[in-house]
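1. no FASTA, just this:
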């Protein structure tokens, strides 16, 4: 197999007003220190600058002075008092910058107001830099805003927050776990399945999530999912587990850039200036030393976000399938994880203490309307989601870690394994084998279907720990098809091999299970 690109983007973003209490001048000093560190290693880097910072004289002087061969400047979009008032829009937040959704993000405003604020941001950027930005980032954004930007200005790349549940008051749950995809025009959180529905700009997921722990970090299976997840990412301010802990960084870089990625490996490093230099400096310095080593060894390529976006456009006409694998957790050798994402679905195969389960399965439907397409958010939180089949985070509880578990049909014993093997089968396909001395279970994953095979017949049992509003209802079921319904959307798991015994129990046929995922 050809060697896959292993791409690292260094993306730091610049706020003018603080979201965190900092001494006078600390946020600007932080940007200067970040630049010193980038220059030390001669790295390429992207800065995304917010509107308020664009109005500050020091940034108006600094940003255009950076070497354009190595520094890319784009925009970061959070709404704050100066931007709103400069557009003639009443500011309703409690302070200059209010990160609650209804104040700080475009969903809290009418479409006309969203367009006005984007245009004001882009015009201010043009006034300072002499050109319009080609890259755009925010923790999260609505579909109308991105359609407006791409139609009026054009972009090379978008970036948004990692998958998270409730953290910082917003939920992005069930989409691409990493890398990048072409968004649907109707709902940018969901990959487009058709050319007609596809926006012409890739969206990259930020922050470098822990491949093993981030998905259900902080969950207690006795008490079910937390209302807000904890964070374990490449961000250098996290020192107990994450980008500020050298042992975690070593593990993350080794596993994330291990080449088992189908299309390309990807991570975003960096931090917003509002945390201050003292909180991030140790983590960034350690990470940059490792980045330099990996770049010298030709194990990663460091480029700007826009360069990655342009490459993606040239390489892929539609969203490619991708995988993120880990053959251990940073603190536990007895864990394995494979995230497979295509434009139609995502799945997580997870091994813990030598026991295998399917921890997550969500289906993508490009026709799901953005929840704020015709609605203004008037709350402090917002949710973007896809269609759930299995959810090891939200469905866990009552002493049960939710997911599909495997048992031998004849003996009833739980399947255990000794090691996991990943194989790239090309054309958006991979094979993942869980090997034991007695029997093997092999997953063949492709763009819209899943095959599981074993030496012996097996039973798949979907264990659900708690009933909740995120659980899909059973619309209909027969031996070969289970039709689910979630928020008025119907979708099916259709078997060409295997049989539904109940909605939560499936048996294989001649050691094989084959399923396709269909929208109805």
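-> Arrived safely, thanks for sending. Computed from a prediction, not measured in an experiment: that's the story for all the values here.
2. make it CA atoms for all contacts and neighbour counts henceforth
-> Noted.
3. got the contact list for stretch 475-484?
-> If you take Cα atoms under 8 Å, 6 or more residues apart in numbering as the criterion, stretch 475-484 is touched by 472-474, 485, 490-501, 503.
4. Need the distance between the two termini of that stretch.
-> Its first and final residues considered, stretch 475-484 spans 5 Å by Cα to Cα, to the nearest Å.
5. Equivalent analysis for stretch 322-337, please.
-> Stretch 322-337: ends 14 Å apart by Cα to Cα.
6. Repeat that for stretch 322-341.
-> 5 Å.
7. Now do the buried residues in that stretch.
-> For stretch 322-341, burial by neighbour count (16 or more other Cα atoms under 10 Å) applies to 322-330, 335-341.
8. Report the beta-bridge partners for residue 137.
-> Judged by DSSP bridges, the bridge partners of residue 137 are residue 76, residue 159.
9. residues contacting residue 186?
-> 143, 197, 366, 367, 368, 369, 370.
10. rerun that using 7 Å as the cut-off
-> 143, 366, 367, 368, 369, 370 (Cα atoms under 7 Å, 6 or more residues apart in numbering).
11. same check, this time on residue 105
-> Contacts of residue 105 (Cα under 7 Å, 6+ apart): 78, 79.
12. Give me the phi and psi angles of it.
-> Per-residue torsions, residue 105: phi -130, psi 160 (degrees, to the nearest 10).
13. which one of the buried residues of stretch 322-341 is nearest residue 287?
-> Of all those, residue 330 has the smallest distance to residue 287: 15.7 Å, by Cα to Cα.
14. Quote the end-to-end distance of stretch 98-112.
-> Taking Cα to Cα, stretch 98-112 runs 21 Å from one end to the other.
15. so how far is it off the chain centroid?
-> Mean-position distance between stretch 98-112 and its chain equals 22 Å (Cα atoms, centre = their mean, to the nearest Å).
16. Bridged to the closest residue to residue 409 other than its chain neighbours, which residues?
-> Spatial nearest neighbour of residue 409, chain neighbours left out: residue 458 (4.6 Å); criterion: Cα to Cα, 6 or more residues apart in numbering. Beta-bridge pairing of residue 458 under DSSP bridges involves residue 408.
17. Is residue 458 in contact with residue 407, as I believe?
-> Yes: in this structure, residue 458 is within contact of residue 407 by Cα atoms under 7 Å, at 5.6 Å.
18. the more surrounded of those two?
-> Taking neighbours as other Cα atoms under 10 Å, residue 458 and residue 407 compare with residue 458 leading, 29 against 18.
19. Quick one, grab the pLDDT at the nearest residue to residue 506 once chain neighbours are set aside.
-> Using Cα to Cα, 6+ apart and skipping the chain neighbours, the partner closest in space to residue 506 is residue 500 (4.5 Å). Looking at residue 500, its pLDDT stands at 96.
20. And the one 4 residues further on, by the same measure?
-> Predicted confidence (pLDDT) at residue 504: the value is 92.
21. tell me, how many neighbours does it end up with?
-> Neighbour tally, residue 504, other Cα under 10 Å: 13.
22. Now it. Nearest residue, chain neighbours left out?
-> Setting aside the residues directly before and after it, residue 504 is nearest to residue 462 in space (Cα to Cα, 6+ apart), at 4.8 Å.
23. So, low pLDDT: which residues of the chain?
-> 1, 18-24, 223-228 (pLDDT under 70).
24. what about the residue nearest to residue 506, neighbour count?
-> Using other Cα under 10 Å, residue 500 has 19 other residues around it.
25. helix, strand or coil for it?
-> Secondary structure for residue 500, judged by DSSP: H, G, I helix; E, B strand; the rest coil, is strand.
26. who does the residue nearest to residue 504 bridge with?
-> Applying DSSP bridges, one finds that residue 462 bridges with residue 404.
27. picking that back up, in strands, which of the buried residues of stretch 322-341 appear?
-> Among the buried residues of stretch 322-341, the members falling in strands (DSSP state E) are 322, 323, 324, 325, 326, 335, 336, 337, 338, 339, 340, 341.
28. Closest one to residue 434 out of those, please.
-> Nearest to residue 434 among those is residue 336, at 9.8 Å by Cα to Cα.
29. and the helix or strand encompassing residue 60, which residues are buried?
-> Residue 60 belongs to helix 57-65 when elements are defined using DSSP states H and E. Residues 59, 60, 63 are the ones in helix 57-65 that count as buried (16+ other Cα under 10 Å).
30. how close does the second one sit to residue 441?
-> For residue 60, the distance to residue 441 under the criterion Cα to Cα works out to 58 Å.
31. Which parts of the stretch 201-350 of the chain are helices?
-> 246-256, 277-296, 305-315 (DSSP state H, counting those that start in this stretch).
32. Surely residue 496 touches residue 517?
-> No: judged on Cα under 7 Å, residue 496 makes no contact with residue 517 at a distance of 11.3 Å.
33. which one of those two has more residues nearby?
-> residue 517 (21 against 14).
34. Pretty sure that one sits against residue 493.
-> Yes: at 5.0 Å, residue 517 counts as touching residue 493 under the criterion of Cα under 7 Å.
35. Name the residues that touch the helix holding residue 60?
-> Defining contact as Cα under 7 Å, 6+ apart, one finds that helix 57-65 is touched by 53, 54, 128, 129.
36. got a winner among these for most neighbours?
-> Neighbour max across the contacts of helix 57-65 (other Cα under 10 Å) = residue 54, 23 neighbours.
37. ok, that residue - contacts?
-> So residue 54 contacts 60, 125 (Cα under 7 Å, 6+ apart).
38. List phi and psi for it.
-> Main-chain dihedrals, residue 54, degrees, to the nearest 10: phi -60, psi -20.
39. What's the separation between it and residue 95?
-> Applying Cα to Cα, the value for residue 54 to residue 95 is 19 Å.
40. which non-adjacent residue is nearest residue 148?
-> residue 115 is the one closest to residue 148 (Cα to Cα, 6+ apart), at 7.0 Å.
41. Tell me if that neighbour really is in a helix.
-> Yes: judged by three-state DSSP, residue 115 forms part of a helix.
42. how many other residues sit next to it?
-> 18.
43. What residues of stretch 395-412 count as buried?
-> In stretch 395-412, residues buried by neighbour count (16+ other Cα under 10 Å) are 395-397, 400-409.
44. Give me the contacts around that stretch.
-> Residues from elsewhere that reach stretch 395-412, judged by Cα under 7 Å, 6+ apart: 221-225, 356-360, 390-392, 413-415, 457-466.
45. picking up where we left off before, can I get the contacts of residue 186 in TSV including neighbour count and distance to residue 305?
-> What follows is those, written out as TSV (neighbours: other Cα atoms under 10 Å; distance: Cα to Cα, whole Å):
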residue	neighbour count	distance to residue 305
143	23	20
366	23	25
367	15	28
368	18	28
369	16	28
370	22	25
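46. Filter those residues down to just the ones in helices.
-> Among these, DSSP state H puts residue 143 in helices.
47. closest to residue 2 among the contacts of residue 186?
-> Taking Cα to Cα as the measure, residue 366 is the one of those closest to residue 2, at 31.3 Å.
48. what sits against the closest residue to residue 277 other than its chain neighbours?
-> The shortest distance from residue 277 to any non-neighbouring residue, by Cα to Cα, 6+ apart, is to residue 30 (4.8 Å). Neighbouring residues of residue 30 by Cα under 7 Å, 6+ apart: 273, 276, 277.
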